[in-house]
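Engineer: how would this look folded up:
(one chain, ligands or ions: 1)
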Amino acid sequence: MRDLTSRPTTHAFNLSAWAVVVTLGFASGDLKGISQSLEASFTRQPPQKRSSQKSSHKSNLPISDSEPPSASSDLPAIYTFKVVKTYPHDKHAFCQGLAFDGKTLFESTGKYGRSSVRRVNLKTGKVEKQLRLDHRLFGEGLTLFKGKVFQLTWKKGLAYVYDAKTLKPLRTFRYRGEGWGLTHDGAHLIISDGSDKLRFLDSDSFTVVRSVRVKDRGRPVRKLNELEFVNGQILANVWHSNRIAIISPKTGKVSGWIDLSGLLRKRLGKEAVLNGIAYKNGRLFVTGKFWPRLFEIELIKKQR
Ligand SMILES: [Ca+2]
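Structural biologist: Numbering: from 1, shown residues only. The predicted structure is shown next:
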């Protein structure tokens with residue numbers, strides 16, 4: 001089989017292989033301030049309360065970037081959840097990456113022949129615009145950064161950069177190893193590859209600037225998948241589990257676990273697992289592969 005990705009003389013985007021499937025009017029999304037604001041909260045607040053938080057720069061976050069002070073904090077915090085609202089999600093979408101710009105969702109879907117990058121209406125779940133990937137590519141992690149959408153693929157070491165408003169492909173870049181999850185910390189792209197390692201990449205040159213190994217009480221946490229940078233911490237789905245790890249980007253230490261068991265009550269196939277975290281302006285969304293629902297949730301810290 002010909003491998004388009006190994007032929008540098010091929011047109012960079014293989015545009016002939018892309019099909020614009022649906023194009024509807026695009027209300028210009030608010031892509032300013034994509035880096036997550038520390039004062040935002042997971043806990044959904046009435047508008048006046050949220051604005052007062054912004055002005056005072058105070059927060060009642062269950063998750064923050066401050067390191068726990070005491071030795072007993074080696075025990076990770078446990079969070080359960082409360083569903084704030086349920087939205088429709090394309091049950092044919094093998095969700096591999098999810099991001100939210102404050103109005104609209106962006107999603108990467110996987111599977112060979114079914115992979116895409118798409119802009120999705122939050123309320124209706126309707127795909128507003130999408131590009132299909134070449135059938136030899138398997139879509140993976142996705143993030144919004146500097147007005148662009150970045151999308152990984154699984155095994156080809158090839159990533160795409162699109163204009164966030166138009167989904168027009170802008171460029172490609174390469175990285176070593178497999179691509180699983182993708183997010184950014186406001187400075188660097190962060191990639192997971194299914195192991196316990198997270199790599200930090202320069203968002204222009206795509207060179208690896210550093211990496212961390214993720215550990216919970218000294219033990220490696222592997223199978224890190226979809227990512228989201230939230231209030232100075234990295235959230236990571238653990239593949240084939242209902243858990244999301246809360247990870248210090250500095251040390252790789254797991255400071256907490258979010259247990260989403262029971263979120264999707266409907267039983268689906270073996271691979272229809274939790275995968276997809278998006279956060280912006282205090283709103284946290286999660287979904288999964290082939291899940292018919294997307295959930296906006298709040299976190300509840302469990303008392304020990
Ligand atoms: Ca994400």
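
Engineer: looking at this, residue 125 is in a helix?
Structural biologist: No. Secondary structure of residue 125 (DSSP: H, G, I helix; E, B strand; the rest coil): coil, not part of a helix.

Engineer: give me every residue that touches it.
Structural biologist: Neighbouring residues of residue 125 by CB atoms under 8 Å, 6 or more residues apart in numbering: 87-90, 294. C-beta here means a position set from N, CA and C on the backbone, and glycine is covered the same way.

Engineer: which SSE is residue 246 in?
Structural biologist: strand 243-247 (DSSP states H and E).

Engineer: now for that strand, which elements pack on it?
Structural biologist: If you count contacts as 3 or more CB pairs under 8 Å, 6 or more residues apart in numbering; DSSP states H and E, strand 243-247 packs onto strand 233-238, strand 254-259.

Engineer: so where's the stretch 1-150 of the chain shaky on pLDDT?
Structural biologist: Low-confidence segments of the stretch 1-150 of the chain (pLDDT under 70): 1-73.

Engineer: interface residues of it facing the ion?
Structural biologist: Residues of the stretch 1-150 of the chain lying near the ion by CB under 5 Å from the ion: residue 98.

Engineer: could you give the bridge partners of whichever residue of the stretch 1-150 of the chain sits closest to the ion?
Structural biologist: Closest residue of the stretch 1-150 of the chain to the ion, CB to the ion: residue 98 (4.7 Å). Here residue 98 sits in beta bridges with residue 107, going by DSSP bridges.

Engineer: relative to strand 254-259, how tilted is the longest strand belonging to the chain?
Structural biologist: Counting by DSSP state E, the longest strand found in the chain is strand 77-88. Going by axes from the mean of the first three to the mean of the last three CA atoms, to 10 degrees, strand 77-88 is angled at 40 degrees with respect to strand 254-259.

Engineer: can you list contacts of strand 77-88?
Structural biologist: Outside strand 77-88, the residues within contact range by CB under 8 Å, 6+ apart are 44, 62, 122-125, 246, 255-260, 263, 285, 292-302, 304.

Engineer: what do you get for stretch 253-264?
Structural biologist: Residues outside stretch 253-264 that contact it (CB under 8 Å, 6+ apart) are 63, 67-68, 73, 76-81, 83, 214-217, 221, 233, 235, 242-248, 274, 286, 288, 291, 293, 295, 297, 299.

Engineer: try it again with 7 Å
Structural biologist: Outside stretch 253-264, the residues within contact range by CB atoms under 7 Å, 6 or more residues apart in numbering are 63, 68, 76-81, 214-216, 221, 233, 242-248, 274, 286, 288, 291, 293, 295, 299.

Engineer: show me what from the stretch 201-304 of the chain comes close to the ion.
Structural biologist: Proximity of the stretch 201-304 of the chain to the ion, by CB under 5 Å from the ion, involves residues 228, 277.

Engineer: strands of the stretch 201-304 of the chain, start to end?
Structural biologist: Assignment of strands within the stretch 201-304 of the chain using DSSP state E, counting those that start in this stretch yields the ranges 208-213, 215-216, 219-220, 224-230, 233-238, 243-247, 254-259, 274-280, 283-288, 293-301.

Engineer: swap in the stretch 1-150 of the chain?
Structural biologist: For the stretch 1-150 of the chain, applying DSSP E, counting those that start in this stretch gives strands covering 20-23, 77-88, 95-100, 104-109, 116-121, 127-132, 139-145, 148-153.

Engineer: number of nearby residues for the residue lying closest to residue 190 once chain neighbours are set aside?
Structural biologist: Nearest residue to residue 190, sequence neighbours excluded (CB to CB, 6 or more residues apart in numbering): residue 183, at 5.0 Å. Applying other CB atoms under 10 Å, we find 31 residues neighbouring residue 183.

Engineer: now do residue 99
Structural biologist: 28.

Engineer: and what of the one 5 residues further on?
Structural biologist: Other residues near residue 104 number 20, with proximity taken as other CB under 10 Å.
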